[in-house]
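A.B. asks: My questions concern the predicted model and sequence given below.
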Amino acid sequence: MSAAMLRKILIALLFAPLAALASGGLKLDRAPDRTTDKAALQNGAKLFINNCLNCHGASFVRYNRLRDIGLTEQQIRDNLMFTADKIGEPMGISMPRKDAKEYFGAWPPDLSLIARARASESGSGADWLYTYLRGFYRDEKRPTGWNNVAFDSVGMPHVLWELQGEQVMGADHKLTLAKPGKLSPREYDAAVGDLVAFMVWMAEPQAEFRKKIGIAVLLFLGVFFVIAYAMKRAFWKDIH
């Protein structure tokens, strides 16, 4: 077998999972990138803590970490600390595991790393979450009365239905807003964009710092290469 043929086989194996995902027919909606927008992250934190943290924990993130998105310690204590007494405690939930299993059939997963976990499965954790949170529709066949275009037979109810309203699946497999919510479709999409941005930030709070360090390292290596090349020419000029 030639090297070129072996290389083609390896590339095919590498991208086979992505091809399989694409063949599944789910087209992910593009999530807005707001991971550096502190106002969006703060609104996302409010939505997450008021709606998601009732059942899902974020045990890898401590409340005091929210200072990184521009909140003061007092703001965190007064508005967001509902499941802890100390600012340094993790963002857990107060629901006992036994009750959660009785209500939902299983312990709701921790969401600290959900954006990264979904990225490994779908290629973009932000796009998957954005599609999922906007893709709930009424389905009377499901125990909760809800289903989802991104997660068929989902066990989780639509916790944001009061904001979005109620969608139904048409015969053409398209979603239609049958009952408006408190927010208009544009406002709901914007709110979900903020929530997704917070969940992406939460999965790796140091992401922006890491990117800046990476750029600085690349710039250093570029300058160092020029200097090293100039030194090489100076040392070897008599030989060449």
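C.D. replies: Arrived safely, thanks for sending.

A.B. asks: Now the phi/psi pair for residue 180, please.
C.D. replies: phi -60, psi 150 (degrees, to the nearest 10).

A.B. asks: could you check the distance from it over to residue 133?
C.D. replies: Using Cβ to Cβ, to the nearest Å, we find residue 180 at a distance of 17 Å from residue 133. Any C-beta I mention is one placed from the backbone N, CA and C, and that applies to glycine too.

A.B. asks: of those two, who's got more company?
C.D. replies: The residue with more neighbours, out of residue 180 and residue 133, is residue 133; 25 against 12, by other Cβ atoms under 10 Å.

A.B. asks: For the more buried one, which residues are in contact?
C.D. replies: 160, 192, 195, 196 (Cβ atoms under 8 Å, 6 or more residues apart in numbering).

A.B. asks: Strands of this protein, start to end?
C.D. replies: Using DSSP state E, the strands of the chain run over 58-62, 90-91, 136-138, 146-148, 165-169, 175-180.

A.B. asks: shaky segments in this structure?
C.D. replies: For the chain, the stretches with pLDDT under 70 are 1-25, 97, 100-101, 104-105, 121-123, 240.

A.B. asks: that older thread, now, of the strands of the chain, which is deepest in the fold?
C.D. replies: Among the strands of the chain, ranked by average contacts under mean count of other Cβ atoms under 10 Å, first place goes to strand 90-91 (a mean of 22).

A.B. asks: Quick check, central residue of this structure?
C.D. replies: In the chain, the centroid-proximal residue (Cα atoms, centre = their mean) is residue 115; its distance is 3.1 Å.

A.B. asks: got a list of what it touches?
C.D. replies: 125, 126, 129, 196, 199, 200, 202, 203.

A.B. asks: Tell me how many other residues surround the last one.
C.D. replies: The reference is to residue 203. The burial count for residue 203: 22, using other Cβ under 10 Å.

A.B. asks: Could you do the fourth one as well?
C.D. replies: In terms of burial, residue 196 registers 30 neighbours under the definition other Cβ under 10 Å.

A.B. asks: hmm, back to that, between the contacts of residue 133, which has the most around it?
C.D. replies: Neighbour-wise, the contacts of residue 133 (other Cβ under 10 Å) top out at residue 196, 30 neighbours.

A.B. asks: That one is in contact with residue 43, isn't it?
C.D. replies: No. In terms of Cβ atoms under 8 Å, residue 196 does not count as a neighbour of residue 43; the distance is 11.4 Å.

A.B. asks: Could you list the domains of the protein?
C.D. replies: Here the domain parsing of the chain from automatic domain parsing is 28-205, 210-240.

A.B. asks: Among those, show me which one is buried the most.
C.D. replies: Counting by mean count of other Cβ under 10 Å, domain 28-205 has the highest mean neighbour count of the domains of the chain, with a mean of 17.
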